[in-house]
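Visitor: could you look at this predicted model? Sequence included:
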Amino acid sequence: GKIFKNQKIEKLNETPYEFFDNSFDYDSSVFNYNKKGTYFSIEKDNVLDDESAAEILYFVSHGNEAFISASSLSYVLLDSLNLTLGSAYSMKDSVMVYLDHVDSNIYSYNKINYVPYFDSIDSTVMGFCGHIKVNNNDTIKDYVNFIRLGYGNGYIYLHLMPEIFTNYHLLKGK
């Protein structure tokens, strides 16, 4: 498609642990993955098993990237990255989202009430990629819901609102 033009896309038909472990070269002179790239996952709830979460982090540490968008994240990911999540509930039927370093537009998404966010924020080790504004009883609060962290020689992107990637929202224009 348009987003991944001229990119090789490989769908995983096994757990991330099995996929990445099978592509690791244990030869002591190599000791690296024979696959390079980005692990990309969008799902309502991140259901990574402990071994897969650890293997994704190991893959990232070897100079690769991971992008995970889910409304909940694996305990292993959160613990390994020293993160905690919080949640807010919007009394309105919409939330406003804006991305850092991309443009100055604010995007509105309706039919979203439950809003997870990153509760532990350490700007010395993470970059903020996106924020969400939640209106509760006419009080607007701002929460970080999209971050980038350096991990070893790579980066991991964590995003907490997978709903915006559904056809319902993608087909609504801005």
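Guide: Now that the structure is in, tell me what you want to look at.

Visitor: which secondary structure elements does the longest strand seen in the chain sit against?
Guide: If you go by DSSP state E, the chain has its longest strand at strand 139-151. Strand 139-151 sits against helix 50-61, strand 85-89, strand 114-118, strand 126-136, strand 154-159, with contacts defined as 3 or more Cβ pairs under 8 Å, 6 or more residues apart in numbering; DSSP states H and E. No exception for glycine: its C-beta is placed from N, CA and C like everyone else's.

Visitor: take stretch 99-116, keep the C-alpha atoms, and write them as CSV.
Guide: The C-alpha trace of stretch 99-116 is given here as CSV (Å, rounded to 0.1, in the frame of the first residue of the first chain):
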residue,chain,number,x,y,z
LEU,A,99,1.0,14.6,17.5
ASP,A,100,4.3,16.3,18.5
HIS,A,101,6.7,17.4,15.8
VAL,A,102,4.3,16.5,13.0
ASP,A,103,1.9,19.4,12.6
SER,A,104,-0.1,21.7,14.7
ASN,A,105,-3.5,20.2,13.9
ILE,A,106,-5.6,18.7,16.6
TYR,A,107,-7.6,15.6,15.5
SER,A,108,-10.9,14.8,17.0
TYR,A,109,-12.1,11.2,17.4
ASN,A,110,-15.6,10.3,18.5
LYS,A,111,-17.0,7.1,20.0
ILE,A,112,-14.0,6.9,22.3
ASN,A,113,-14.6,7.2,26.1
TYR,A,114,-12.0,5.0,27.7
VAL,A,115,-8.5,6.6,27.5
PRO,A,116,-5.4,4.9,28.7
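
Visitor: show me what H159 is bridged to.
Guide: Listed by DSSP bridges, the beta-bridge partners for H159 are S69, F146.
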